[in-house]
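1. Any chance you can model this:
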Amino acid sequence: MDRDLVESVREAQRTLEPQFKELRQTVSALKTAARLAESEKPDALPMHKALLKLEQAAAKLPDDALQAATAAFRRETERALDALAFDFAKDLRDTFAGRGVEVDGRPPTLLVGDLILRIDVAARKAQWFYGQEPLTGRLQLSAAAIVTAYERQRKLIAQGESDPAEFLRELFATWHGELQGRSRKPAGNRLNLVDTYAKMTMARQSARFWNAPSRQTFKDYPRPQFVRDLVRAQAAPAFSVDGRRQRLRLGVATKSQADSSSRSVWLPSASGGLDGAYYSDVTFEEVPA
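-> This next block holds a predicted model:
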């Protein structure tokens, strides 16, 4: 047999086999999507799983009919997921209502007191936040697990005790000490808010930590608690230190700063709800007593 002929045939086989595999996977994804689309009641989670496979196939095969079918199935899947999220949110509202707690917002974002719950119904997960700060890992989409986590975080954040005036004096001392250690002062004496938070946390450490630094001797100051303390301090930003009246000033972040959690902090509005703003720097100014 002609060796060139054999090699030519094998080369064609090597070229076409991946295409055949992709086509077979595409047909399988289409069959699954068609079966789910025929169901009398949309089944959101299997539809989402099928959509992911269909989108993978559509990304590899530039076929107009396939693209149209994927887009249509995506729309139906999103509607089914929205319906599932609303059903879960309704059950969750009823659960909280039974405990005398009001739930605001609409899926995928619910507001419970000062805390925010973000629901990812496709992944069957939910997560608690204070502002933009995560309070928990991703929880199972279970009303019991979500309520238990809420009660724990509510005690730590919403009901946690803090003295705004004492916090401001501590923040001022950290800010002032950092400025004194610099040969060149920044414009407006403004320091990065996240860096100041880190230095404030280190200033809280005891002699035991500095003698034997370890996870066990480290006194944590979680970032969500720092954000909470800032929100409370903004409601009464003036305070006295060494016989002088000082006032907290926070600088609003630029877009590039807001995109980085190491360069800005998102503070919830004092009025509550989902409103808030990103801040990037901190300074203090002396005001009349």
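
2. buried set for stretch 62-77?
-> By neighbour count, with 16 or more other C-beta atoms under 10 Å as the criterion, the buried positions of stretch 62-77 are 66, 69-70, 73-74, 76-77. (C-beta placed from N, C-alpha, C; glycine too.)

3. Where do the strands of the stretch 101-250 of the chain begin and end?
-> Applying DSSP state E, counting those that start in this stretch to the stretch 101-250 of the chain gives strands spanning 103-106, 109-112, 115-120, 125-130, 133-134, 139-140, 191-192, 238-241, 244-252.

4. so what strands line up beside the second one?
-> Based on DSSP bridges, the pairing partners of strand 109-112 within the sheet are strand 103-106 (antiparallel), strand 115-120 (antiparallel).

5. can you put these in a markdown table and add mean neighbour count, distance to Glu55 and mean pLDDT?
-> Shown next, in a markdown table, are the strands paired with strand 109-112 (neighbours: other C-beta atoms under 10 Å; distance: least, C-beta to C-beta, whole Å; pLDDT from 0 to 100):
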| stretch | mean neighbour count | distance to Glu55 | mean pLDDT |
| --- | --- | --- | --- |
| strand 103-106 | 14 | 26 | 92 |
| strand 115-120 | 20 | 17 | 95 |
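
6. and the ones you listed as TSV, adding distance to Pro186?
-> What follows is the strands paired with strand 109-112, written out as TSV (distance: least, C-beta to C-beta, whole Å):
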stretch	distance to Pro186
strand 103-106	39
strand 115-120	33
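
7. per-domain residue ranges of the protein.
-> Domain assignment for the chain by automatic domain parsing gives 3-83, 85-158, 164-286.

8. Redo the buried residues of stretch 62-77 as TSV? Include distance to Lys219.
-> Formatted as TSV, the buried residues of stretch 62-77 follow (distance: C-beta to C-beta, whole Å):
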residue	distance to Lys219
Leu66	58
Ala69	58
Thr70	53
Phe73	53
Arg74	49
Glu76	52
Thr77	48
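
9. in this structure, what secondary structure element scores lowest on mean pLDDT?
-> Ranked by mean pLDDT, DSSP states H and E, the helix or strand of the chain with the weakest confidence is helix 3-37, at a mean of 77.
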